[in-house]
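Novice: Quick one: sequence plus predicted model below, questions after.
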Number of protein chains: 2
Amino acid sequence: MRDLNKIFKPDSVAVIGASNTPGKVGYIIVDNMVSGGYQGKIYPVNPNADGEIQGLKAYANIKDIPDKVDLVIMSIPAVFVNDSVRDCGEAGVENMVVISAGFKEIGEEGAKLEEELTALGEEYGINIIGPNSLGTTDSHTPLNSSFSQMMPPAGNIAFISQSGAMMVAILDWSVRSGIGFSKVISLGNKAGVTETELMKYLADDPETAVIICYLESISEDDDFINSMRETAAKKPIIILKSGSSSAGAEAASSHTGALAGSDLAFDTAFKQSGILRVETMADLFDLGLAFSKAPLPTGPNVAIITNAGGGGVVTVDAMEKAGLKLVQFDDETKARLRECIPDEGSANNPIDVLGDAPVQRYKESLDIVLEDDQVDSLIIMVCPTASADPDGIAKVILEAEKKFTKPIMVVNMGGPSFDNANDMLRANNVPTYVFPETAVKALEAMTRYARVEERNYTDCVSNIEGTNKEEVAKIFAKVKEDGRDTLLGSEAYAVADAYGISAAPIKLATSASDAGDLAEEMEFPVVLKIASDKILHKSDIGGVKVGIENREEAEAAYDEIIANAKKAHPDIIPDGVEVQKMMPSGQEVLVGMVKDRQFGPMIAFGMGGIYVNLIEDVSFKLAKGLTCDEIDEQIENTKVATLLKGYRGEAPCDIEEVKEAIKRVAKLTIDFPEISELDINPIFVYEEGSSALDVKIKLD
Amino acid sequence: MRDLNKIFKPDSVAVIGASNTPGKVGYIIVDNMVSGGYQGKIYPVNPNADGEIQGLKAYANIKDIPDKVDLVIMSIPAVFVNDSVRDCGEAGVENMVVISAGFKEIGEEGAKLEEELTALGEEYGINIIGPNSLGTTDSHTPLNSSFSQMMPPAGNIAFISQSGAMMVAILDWSVRSGIGFSKVISLGNKAGVTETELMKYLADDPETAVIICYLESISEDDDFINSMRETAAKKPIIILKSGSSSAGAEAASSHTGALAGSDLAFDTAFKQSGILRVETMADLFDLGLAFSKAPLPTGPNVAIITNAGGGGVVTVDAMEKAGLKLVQFDDETKARLRECIPDEGSANNPIDVLGDAPVQRYKESLDIVLEDDQVDSLIIMVCPTASADPDGIAKVILEAEKKFTKPIMVVNMGGPSFDNANDMLRANNVPTYVFPETAVKALEAMTRYARVEERNYTDCVSNIEGTNKEEVAKIFAKVKEDGRDTLLGSEAYAVADAYGISAAPIKLATSASDAGDLAEEMEFPVVLKIASDKILHKSDIGGVKVGIENREEAEAAYDEIIANAKKAHPDIIPDGVEVQKMMPSGQEVLVGMVKDRQFGPMIAFGMGGIYVNLIEDVSFKLAKGLTCDEIDEQIENTKVATLLKGYRGEAPCDIEEVKEAIKRVAKLTIDFPEISELDINPIFVYEEGSSALDVKIKLD
């Protein structure tokens, strides 16, 4: 793991491309550093410098600097950057932010420069942020080594942005939002340091309470899920990942794949690693504000205090949608509340202290509610009625905040009337919002995140037994040898069987008597099907015979199927005829695999049958690092789970068999990355056991 | 229809309860009127007044005022209100706002006073707003006849609020939001004038462009759908209706009713009448802003201009979710754009003018895009990069806004950098937002509303033929006579048959030979079922015999069923045995009715069968005023529609038959309000025709 600390806490910084000309990037960076209050040494570097730059001794080359340089800020034309990086490497520089643009973002030529830059970083062991970065800031050091004139307000939110323009916009916006930043990082093109490396660093940073990210891509990282699980358990990570709408275009072509796309894979990866994904720019900061200020709730039970009945109802509406629970107060709490609230108000949750509520009524209700052990968190709403005293209410909230360790979300519904109160509250770790729905959204995310500690990330796939890897490798080798990419039914069955997936036996017969033998072996009734990956509509040409009850029928069916196939496709030589045992029907489910370019195999589970695409009752999980809890959750997230458990008095099905099938498909697709598509639909699940009817496997 | 004009444009106002004591409500109201610049006559009324109140000649009683009083503002203790209303009525007052509280909201005693107030209003023909209202304001008159010290900024948004505290909050908040109001109305308890009456008035108000409402209930109005259709076609109406979360608790008890609730009825009623419903407080105003400023788009095709690539992607993500379309520019537009945008930018939609874009580049792109006939609307995004000139860009946007009649939504992403630009733009009818998702949400609502003119509201239910009302009335009378509330299968079939709903014949046999006759008449095969509303699990006790192929079997089955029933339930005397024709199976759909307390019968349509509650593929429409377009839409909104159209090569089903069934169930449940539950599940739909298998009807 990289040590990135000196990027934010360097004792000395060299600015390559420093300038004496106001307005130039190389000028602004040095100026930002000095005016931002940076206390370490600053070394301007510029081959044309004559002695001093902005009053600091300047150097012609990084190598000329007599002391150790912890961090280099590079701001020279792209074509000169790599030579300069070499100099830095030779001078022992370990950390660098490349502001210079003109790399991958301008096309092929730039991309070449960037590849070289990446290689140099690796060669010399330099942590490179950028190129095409706006720089980084650390408000605690303090160090503004960015090209942005705005030093963000200090705080405990770390903000990583893949877009420089969006970063500047956000910093401008944040001036009035009451949020403060520990570090702001403009990622640029990510030629060196990636967002996941930064997240890992920030998760251990004592000045950071929450990490928020605007990302357009996730860097390749084979261990993404596992490393992010660990990181997200340390600090909440909130991501706005743009490009979700390209999902459709990228949908995989396989059958169940039509339901999945790579945005789904991102979504799944984030969920499985405990990262909170948001949908809008506003959410990113509304949630960041809450996490940066309030303690985590220990449960989902919320109390509401309001001076407007309607506001309480709106809050409850939002809470129910978000899955938060309205506490039902016990008799003691109700009795205590009744003492301080007039009859026309409400001592039930949501508590209505009425429009004429003086500060004292808020204070008493606050204490009573927060003392109730049932209450995990509190939303307190103030409308600027004629009697309301926003500042006075803010003061009693701050007193309560000191006494209790429960999150208090304040909804100060209005504008100028609350300016002072909001400043007071936010400065003292109480998040405030204008509208109740925003407070609820943030509280829901905190409640969800608080459960991260309950998560059991034990891998449930790696160590399963009864898988025969050699056997599968042999079958795949044979398929490749034949120049095919799609497995015959009998081959797919053999693969499933080798991995312990219960399937209806299918074997390949190459003569009528062979068909008779196989049928007798697997016991009647059986089905016979033409075996050929080139014949698609097998039933239509008389290539399928069902309900074969004895040897004679089996042999006759063989000959008839071969004859029908020859008639319909004289040019195709079939591989033979497949004999499959007919199974009693059961609850139909599907287990499939969609391969994601970034995250590898993604397992689909859902209702099976021919209406899969219509019903869309499918839930996805990434195979790598899949846990038993996640498999349970995957099944639970479908409607067919209700049928499996025994719907309307029917006997429950063997859900353990379903879990086995998911696990074993996950293991198979991890073991064999050459599997490009896998689709088992339907699997009949019985009261005991199960049987996969149709296993389709395609290789790269 | 009431004439409410003098509430907002009175020539003279009397304030009953006017006071000389600062801080008192009766003082504030007079003061607000005077300081708000009201130009008409003000008559303070107070029995204790000695000559003048706040410098105005005061009167002891309304009757003492020599001139006509257009509007009375009533602010005296609740117990005196009704006597005073009588005086007003006798003095010929026609309009009144009752500020006084202490009515329905305080309990039974207050409710009595309020009933009397309502009756007095009707008796004397007085339009009463309130009681428990904060008053009303009209920023154009100007008249602030409210108890709220804030005169809202002038504009063209009419705001109706059922909560006074929320209204005050919103007015406080709006100071900085750049929105302006034509009228603000605090509804109070709605003892007289209702929100729908106000909406109708505002729809014809030339000073109002859009009506936004915060509502906690909708007043009883039998003609809600039809009158709101007309109103919403004149002006956009946006409603935040709180209390959506109580839906669950109010869910109807019938089978499909479990899926419906009264919040669903509100939702359905709003949709069917063209009202835009929003989910959050913020949405109410974000949408209001757009409708109040920008012209309506003529289609869903959007162009985006941005100086941050990432911002463009975020906007596209939001657009795809909202169902807006990204225009694909034709070659001409692309060629023109390429001339003004550097190569590293993008001349495809979203247009990236790059972070260094000067004003001129924005200007040229703006003109090119707006000149393209394909483009219906434009989202233009500015990040405050070092080169961005927010004011300059605002100016070119305003020039474009004057030249073109397409909506331009501005996303000025940031804070203080855009204060001036936002003021300029909003003052000149261009809506601006901080984040792209908000702009997209507002644009989507405008695009949807713009289609209101395409709506064909011709009632498709009232005039259908082939319904026999007398026959049904006779059957219901018989059921009531028997002291039952649930119809036997044979009765329900007869009802369906009388209304032209195709159903499998069911007739009641009261002897074995009777059963044989009926079976022969309807042709074999038939099913026999014990007829009794008291025996629930008919199959379990041997009360059902299927596949009866001839007369002998039918007669034997009759006797066996009667014997089985007697054995299982010796105390129950069955009505006989029902004989039903067995029908071939078809695509299963359901048509049902859930009765809503406010809006009457609501028709459910969806996938039929035993998994109805699991699959939840149901769409609802209110029966009253149901149009043919709405029936099409109702079918289209379900997944079973795909199956009906012929899924994966299957033959399409007779969708006309489904429409007939919906229409006729709507007609039946409108004609007979005593039907409390109706559920037809399944209906088998065939390639031609259909057959309802199980019709359940319950009466009040």
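Specialist: Right, received. Where do you want to start?
Novice: Around chain B, pick out the residues from the stretch 301-450 of chain A.
Specialist: A:307-311, A:313-314, A:316-321, A:344, A:355, A:383-386, A:413-418, A:434-438 (C-beta under 8 Å from any C-beta of the partner chain). In short, each C-beta sits where N, CA and C put it, glycine included.
Novice: and those residues, which are buried?
Specialist: A:307-311, A:313-314, A:316-320, A:355, A:383-385, A:413-415, A:417-418, A:434-438 (16 or more other C-beta atoms under 10 Å in any protein chain shown).
Novice: remind me which residues of chain A are low pLDDT?
Specialist: Applying pLDDT under 70 to chain A picks out residues A:150, A:245-261.
Novice: Let me see the contact set for the closest residue to A:Pro407 other than its chain neighbours.
Specialist: If the residues on either side of it in the chain are set aside, A:Pro407 comes closest to A:Ala294, at 3.8 Å by C-beta to C-beta, 6 or more residues apart in numbering or on different chains. Counting by C-beta atoms under 8 Å, 6 or more residues apart in numbering or on different chains, A:Ala294 touches A:Pro407, A:Ile408, A:Met409, A:Asn429, A:Val430, A:Pro431, A:Met446.
Novice: Could you rerun that using 7 Å?
Specialist: Residues near A:Ala294 by C-beta atoms under 7 Å, 6 or more residues apart in numbering or on different chains: A:Pro407, A:Ile408, A:Met409, A:Asn429, A:Pro431, A:Met446.
Novice: Now the phi/psi pair for it, please.
Specialist: phi -90, psi 150 (degrees, to the nearest 10).
Novice: and what of A:Val168?
Specialist: The phi/psi pair for A:Val168 (degrees, to the nearest 10) is phi -60, psi -40.
Novice: Wait, it touches B:Pro384, no?
Specialist: Yes. With contact defined as C-beta atoms under 7 Å, A:Val168 reaches B:Pro384; the gap is 5.7 Å.
Novice: How about the residues of the stretch 151-300 of chain A by chain B?
Specialist: A:162-166, A:168-169, A:172-173, A:175-176, A:214, A:216, A:242-245, A:280-282 (C-beta under 7 Å from any C-beta of the partner chain).
Novice: Filter those down to the buried ones.
Specialist: A:162-166, A:168-169, A:172-173, A:214, A:216, A:242-245, A:280-282.
Novice: picking up where we left off before, of the residues of the stretch 301-450 of chain A next to chain B, which belong to helices?
Specialist: A:309-311, A:313-314, A:316-321, A:436-438 (DSSP state H).
Novice: Return the member of those residues nearest to B:Glu560.
Specialist: Nearest to B:Glu560 out of those is A:Glu320 (C-beta to C-beta; 51.8 Å).
Novice: what's the spacing between the closest one and B:Ser186?
Specialist: Per C-beta to C-beta, to the nearest Å, A:Glu320 is found 27 Å from B:Ser186.
Novice: same deal with A:Ala119?
Specialist: For A:Ala119 relative to B:Ser186 (C-beta to C-beta), the value is 69 Å.
Novice: quick one, which of these two is more surrounded?
Specialist: B:Ser186 (27 against 13; other C-beta atoms under 10 Å in any protein chain shown).
Novice: contacting residues for the more buried one?
Specialist: Listed by C-beta under 7 Å, 6+ apart, the contact partners of B:Ser186 are B:Ser133, B:Leu134, B:Gly135, B:Thr136, B:Ser146, B:Ser161, B:Gly164, B:Met167.
Novice: Which of these sits closest to chain A?
Specialist: B:Gly164 (7.0 Å; C-beta to the nearest C-beta).
Novice: Nearest spatial neighbour of that closest one, chain-adjacent residues omitted?
Specialist: B:Gly164 sits nearest to B:Leu134 (C-beta to C-beta, 6+ apart), 4.1 Å away.
Novice: again with A:Val579
Specialist: That would be A:Leu518: by C-beta to C-beta, 6+ apart, it lies 4.4 Å from A:Val579.
Novice: ditto for A:Glu364
Specialist: Here the residue nearest A:Glu364, using C-beta to C-beta, 6+ apart, is A:Cys340, at 4.0 Å.
Novice: Can you give me the distance of that neighbour to chain B?
Specialist: Computed as C-beta to the nearest C-beta, to the nearest Å, the A:Cys340 to chain B distance reads 19 Å.
Novice: Let me see the contact set for the most centrally placed residue in chain A.
Specialist: Nearest residue to the geometric centre of chain A (C-alpha atoms, centre = their mean): A:Phe270, 1.4 Å. Going by C-beta under 7 Å, 6+ apart, A:Phe270 touches A:Ile239, A:Arg277.
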